[in-house]
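Q: next come a sequence and a model predicted from it.
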Amino acid sequence: MTPEQAATAARPSVLRLGGAFIECPRTLRQARRLGISGWAFFVTGRGAVLGDVRAETVAAAIGIVAPDAVADGWDSTAEVAKPSEVAEVSRAECCRWGIDYLAGLPQVGRLVELLTPVVAAADAVGMPLFAAWRGLPVPADAAPAARAAVLLHLLYEFYSGAALMAVRAAGMTPVEIILAGPEGESGAVAYGWSPPYPPVGPLVRRRLWVESVTDRIVSPAFGLLDPAERGELVNLLGGALSAVRMSPSRPD
């Protein structure tokens, strides 16, 4: 398996697993205890690591969410919590999610071993969220499942940053890439974009190009693994996604 084949095969699992903790009911309950709504945490849970910046900066870094929607979430959170506090909660909830959902994986330690060099080798140029989260230390005594969750989140931000680069290179806007995807207009609404929307037909082929370029940007990081290890990592990611999907909701 080549690095680019690995990047393509890993992408669906990474994008689902790496951001799952942000939408986890337990995470959202913790956010509400701080006075932060679910939507506001969806924005600040990713962007808070950038520090005390303006909403426009966060919107530029996230990219896929409408700027007005980012501003609503970011500014409302600023009334009740500092970005550093939200970042700490976000990282803690990521670790907690990993323990809840990944601790039962028989090869979680091996997953950490394979993800670690990929994340370390990833080129962070042009990817502020990935760079900022990678610079936030993980507790030295963190369990393997917690470390796996953190690494998955970092890889999620790496893919997301690469996708933004590819979208711009394709001459597309964020709302266009959403419309060309499986969620279509409902996805555009969910991310705060208002109609009228452009026709979808001409966008589908360009989305395929964007995905290809995204994988090409990400692929050098997988070059740190040998071909067998790449295949093993892809299989472990698929197994982790299947296990999470079958996991029951966790109690408080």
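A: Yep, it's here.
Q: the helix ranked longest in the chain packs against which elements?
A: The single longest helix within the chain, with elements called by DSSP state H, is helix 144-169. If contacts are counted by 3 or more CB pairs under 8 Å, 6 or more residues apart in numbering; DSSP states H and E, helix 144-169 sits against helix 3-17, helix 83-102, helix 108-121, helix 128-134, helix 174-179, helix 201-222. All C-beta atoms are positioned from the backbone trio N, CA, C, and that covers glycine.
Q: show me what the last one is packed against.
A: The contact analysis (3+ CB pairs under 8 Å, 6+ apart) places helix 201-222 against helix 3-17, helix 108-121, helix 144-169, helix 174-179.
Q: low-confidence ranges in this protein?
A: Applying pLDDT under 70 to the chain picks out residues 248-252.
Q: so which residue is smack in the middle of it?
A: residue 156 (3.5 Å; CA atoms, centre = their mean).
Q: that one: what's it in contact with?
A: Contact analysis of residue 156 by CB atoms under 8 Å, 6 or more residues apart in numbering lists 14-15, 17-19.
Q: swap in 10 Å and give it another go.
A: 11, 14-22, 46, 129-130, 133 (CB atoms under 10 Å, 6 or more residues apart in numbering).
Q: swap in residue 10?
A: Contacts for residue 10 (CB under 10 Å, 6+ apart) come out as 115, 118, 155, 159, 215, 218-219, 222, 230, 233-234, 236-238.
Q: residue 47 and residue 71 touch, don't they?
A: No. Between residue 47 and residue 71 there is no contact under CB atoms under 10 Å: 11.2 Å.
Q: could you name every residue contacting both of these two?
A: 55, 58-59, 65.
Q: list the buried residues of the longest helix of the chain.
A: For helix 144-169, a neighbour-count test (16 or more other CB atoms under 10 Å) marks 144-167 as buried.
Q: what does stretch 216-234 give?
A: Residues of stretch 216-234 classed as buried by neighbour count (16+ other CB under 10 Å): 217-219, 221-225, 229-230, 232-234.
Q: and for the closest residue to residue 207 other than its chain neighbours, the neighbour number?
A: Setting aside the residues directly before and after it, residue 207 is nearest to residue 180 in space (CB to CB, 6 or more residues apart in numbering), at 3.9 Å. Close neighbours of residue 180, defined as other CB atoms under 10 Å, add up to 22.
Q: which residues does residue 180 contact?
A: Neighbours of residue 180 in contact, by CB under 10 Å, 6+ apart: 172, 187, 198, 200-208, 210.
Q: buried ones among the residues you listed?
A: 172, 187, 203, 206-207, 210.
Q: turn the residues you listed into CSV, including distance to residue 247.
A: Putting these into CSV (distance: CB to CB, whole Å) gives the following:
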residue, distance to residue 247
172, 35
187, 25
203, 35
206, 36
207, 31
210, 31
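Q: what's the farthest-apart pair in those residues?
A: Maximum pairwise distance among the buried ones among the contacts of residue 180 (CB to CB): 16.3 Å, between 187 and 206.
Q: for residue 178, grab the count of nearby residues.
A: Residues contacting residue 178 under the criterion other CB under 10 Å number 27.
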